[in-house]
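Visitor: Provide a 3D model corresponding to the input given below.
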Amino acid sequence: MTDDTSLHSDAGDTVSSRYWHRLADGRLQCDLCPRFCRLKAGQRGLCFVRANLDDEVKLTTWGRSSGFVIDPVEKKPLNHFLPGTPVLSFGTAGCNLACKFCQNWDISKSREMDTLMSRATPEQLADKALETGCRSVAFTYNDPVIFHEYAIDVARACQERDIRSIAVTAGYVCAEPREEFYRYMDAANIDLKAFTERFYQKVTGSQLQPVLETLLYLKHETAVWFELTTLLIPGENDSDRELDQMTQWVVKNLGPEVPMHFTVFHPDWKMTDKPVTPSATVRRARQIAIQNGVHYAYVGNVHDPKADSTWCHQCGALLIARDWYQLSDWRLDASGCCPDCGSHCPGIFEALPGDWGAKRLRVNMHS
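Guide: Below you'll find the model as predicted:
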């Protein structure tokens, strides 16, 4: 699927992509994600930011962003990756999925270059993260798969300054670019949107299987720390049967230590006919996950300090207390183990948690 909008000279900074090939009819096929957009000269892919320009596929928005914000890392959500620390977060425009329920539709569905008025080189981003005390940079709000080259360049600059990189993504990417991309990521939150092909095709315009392949790749081929998030939509992906199948698959194929987050849906974008998810639904999903062997299951978009906190999977002791994004009790020992029974809590932890709390701070990259 493509967008017939022709590119203009003010379309942004462009860099060449390696992931494309020429078809017999002269069109160029983008091979970054399983959508495989076939582009005539001047056409954009469905993602909006990749296009047939100068007879090659290019990313047209390198160095441009919809804005920069410092968030708590728990908002990504990542509960087992440098808890309590601030993360410099940004996105671009466009997306390679077509989710009817998108919560960031003003960014991900944007077809306006005015969305991308903020500019920053990778070095500027890494320096700003260092200057503001951020322990990591997150590619979020829209999917970093589509700004592959920019995300990698930023991650490389961050590595030089001991700043970690986080991808918040749907995991809808082809094998070769996936391998390159995750070579530079330290952590990821993968949006496992449902566990049926019907949902993926009907509601997101994509497919489930490539996402599962990404999850298997991350678990078995990389050292990237990752957690999963599922937004539960009433009547679409919230049945006990589907949640049972999903969580059993996770435990069998990824292991019980991968944290899962079940979050409340709010009507948005093209799915305003559905009600807000009852808080009981995400709590039920959490219980199904735990019953199926998931060691760390959380809820989101609902106030539930108990379900937001981290508990020892072995003895049930409280390890990290959370109230929304505010941490209180911190009981992990220096090696990341339960002080009561000695069981290891998987994740990327430092000796002490950060104290960023629930603050959200907009950043001017050039101030």
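Visitor: Name whatever forms a beta bridge with residue 361.
Guide: residue 70 (DSSP bridges).
Visitor: Residue 292 against residue 245, yeah?
Guide: No - using CB atoms under 8 Å, residue 292 makes no contact with residue 245, being 9.5 Å away. (Glycine included, C-beta is placed from N, CA and C.)
Visitor: more crowded one of those two?
Guide: residue 292 (19 against 14; other CB atoms under 10 Å).
Visitor: and that one, what does it touch?
Guide: 244, 247, 248, 251 (CB atoms under 8 Å, 6 or more residues apart in numbering).
Visitor: list the buried ones in stretch 334-348?
Guide: By neighbour count on 16 or more other CB atoms under 10 Å, the buried set for stretch 334-348 is 336, 337, 338, 345, 346, 347, 348.
Visitor: For residue 343, give its distance to residue 337.
Guide: 6 Å (CB to CB, to the nearest Å).
Visitor: er, residue 356 actually
Guide: 24 Å.
Visitor: Then residue 346?
Guide: Taken as CB to CB, the span from residue 346 to residue 337 is 11 Å.
Visitor: my guess is residue 322 is in a strand, correct?
Guide: Yes - counting by DSSP: H, G, I helix; E, B strand; the rest coil, residue 322 is part of a strand.
Visitor: Looks like it contacts residue 304 (just checking).
Guide: No - contact criterion CB under 8 Å: residue 322 and residue 304 do not qualify, at 9.7 Å.
Visitor: Among these two, which residue is more densely surrounded?
Guide: More crowded of residue 322 and residue 304, by other CB under 10 Å: residue 322, with 22 against 17.
Visitor: ok, what's across the strand from the residue positioned nearest the centre of the chain?
Guide: The structure's the chain has its C-alpha centroid closest to residue 168; by CA atoms, centre = their mean the separation is 1.4 Å. Residues in a beta bridge with residue 168, per DSSP bridges, are residue 189.
Visitor: quick one: low-confidence parts of the chain?
Guide: Scanning the chain for pLDDT under 70 picks out 1-12, 103-117, 269-270.
Visitor: can you list the domains in it?
Guide: As given by automatic domain parsing, the domain ranges for the chain are 2-59, 65-363.
Visitor: Endpoint to endpoint, the longest one covers what distance?
Guide: In domain 65-363, first residue to last residue: 12 Å (CA to CA, to the nearest Å).
Visitor: what's the spacing between it and its chain's center?
Guide: 5 Å (CA atoms, centre = their mean, to the nearest Å).
Visitor: Tell me which two in the buried residues of stretch 334-348 are the farthest apart.
Guide: Between any two of the buried residues of stretch 334-348, the greatest separation by CB to CB is 16.9 Å, found for 338 and 348.
Visitor: Looking at the buried residues of stretch 334-348, which is nearest residue 185?
Guide: Among those, and counting by CB to CB, the member closest to residue 185 is residue 348, at 12.2 Å.
Visitor: give the contact list for the closest one.
Guide: Neighbours of residue 348 in contact, by CB under 8 Å, 6+ apart: 80, 81, 82, 164, 186, 187, 225.
Visitor: Near residue 85, how many other residues are there?
Guide: 20.
Visitor: mind listing what it touches?
Guide: Residue 85 neighbours (CB under 8 Å, 6+ apart): 72, 73, 134, 135, 136, 353, 354, 356.
Visitor: And the residues you listed, which is closest to residue 198?
Guide: Out of the contacts of residue 85, the member with the shortest distance to residue 198 (by CB to CB) is residue 73, at 33.4 Å.
Visitor: can you pull up the bridge partners for the residue nearest to that closest one when sequence neighbours are not counted?
Guide: For residue 73, ignoring the flanking residues on the chain, the nearest one in space by CB to CB, 6 or more residues apart in numbering is residue 87 at 4.7 Å. Per DSSP bridges, the residues bridged to residue 87 are residue 71, residue 136.
Visitor: check contacts around residue 87.
Guide: With CB under 8 Å, 6+ apart, residue 87 has these contacts: 70, 71, 72, 73, 76, 134, 135, 136, 137, 138, 166.
Visitor: Residue 125: which of those is nearest?
Guide: residue 137 (6.3 Å).
Visitor: didn't the closest one look like it was pressed against residue 156?
Guide: No - the criterion here is CB under 8 Å, and residue 137 misses it with residue 156 at 11.4 Å.
Visitor: So which of these two has more stuff around it?
Guide: Neighbours per residue, other CB under 10 Å: of residue 137 and residue 156, the larger number sits with residue 137, 27 against 15.
Visitor: Identify the residues contacting that one.
Guide: Per CB under 8 Å, 6+ apart, neighbours of residue 137: 87-90, 125-126, 129, 154-155, 158, 163-166.
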